[in-house]
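> give me the fold of what follows.
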Amino acid sequence: MKILVTAFKPFNNFEKNYSMEVLKYVEAVYKEILDVVYDDCYYELKSKYKLDDYDLIIATGEARSRDKVTLETQAVNISSCSLYDNNNILKINEVILKDKENILYTEVDLTKIKERVTLSNDAGKFVCNNIYFHLLSEYPSKSLFIHVPNCSDMVEKYKECARIINEIIDCFI
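Model prediction:
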């Protein structure tokens, strides 16, 4: 099985992005670090990888307000956040893709993994939700998004989050 896992670079004057740190400990997959930029991060990913060739695409991002790994079940067709992306773009109530539904859901069978991770239906409205909406619009049957929690820059927390992601990946192999 061919699996791609992405993470994000730091943003908003943070020195690290926890998803990028966790990705260092994720095993046996293709990995890509993306810039925190609306839309362009998805187009960059598509230009580097033939996404049709992958069996599973797992995008990861950080959610510093959370205390556990959460798997997002859906993305909404809106970008709206008080934070600027790394291209200094601020989006307030902007539709991501015209002529698409308001909400897209992953079609990946979650029954194998739902005991291993907390499910969430709120991917936010920043770049995490943006890339997930793009992925779900084209690859709903093989796209997932996982938020890693506040890791407080602790290697053991990075490894624990990666262990959960590795377990999820193992369920599909």
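
> and Asn77, what's its pLDDT?
Looking at Asn77, its pLDDT reads 98.

> what residues are up against it?
By C-beta atoms under 8 Å, 6 or more residues apart in numbering, the residues touching Asn77 are 95-97, 100-104, 133. The C-beta positions use only the backbone N, C-alpha and C, and glycine is treated the same way.

> measure the residue of the chain most remote from its centre to Arg66 for me?
Distance from the C-alpha centroid of the chain, by C-alpha atoms, centre = their mean, peaks at Asp99 (22.9 Å). Distance, Asp99 to Arg66, by C-beta to C-beta, to the nearest Å: 32 Å.

> likewise Ile173?
From Ile173 to Arg66 the distance is 26 Å (C-beta to C-beta).

> who has more neighbours, those two?
Arg66 (14 against 10; other C-beta atoms under 10 Å).

> thought that one was touching Asn150?
Yes: look at Arg66 against Asn150 with C-beta atoms under 8 Å: they come within range, at 6.9 Å.

> take the contacts of Asn77 and keep only those in strands.
103-104 (DSSP state E).

> so which of the contacts of Asn77 is the closest to Leu119?
Ile103 (14.8 Å; C-beta to C-beta).

> what about that closest one, how many neighbours?
With other C-beta under 10 Å as criterion, Ile103 counts 14.

> and it, what are its bridge partners?
Val76 (DSSP bridges).

> equivalent analysis for Ile33, please.
Ala7.

> separation between it and Gly61?
12 Å.

> and what of Tyr25?
16 Å.
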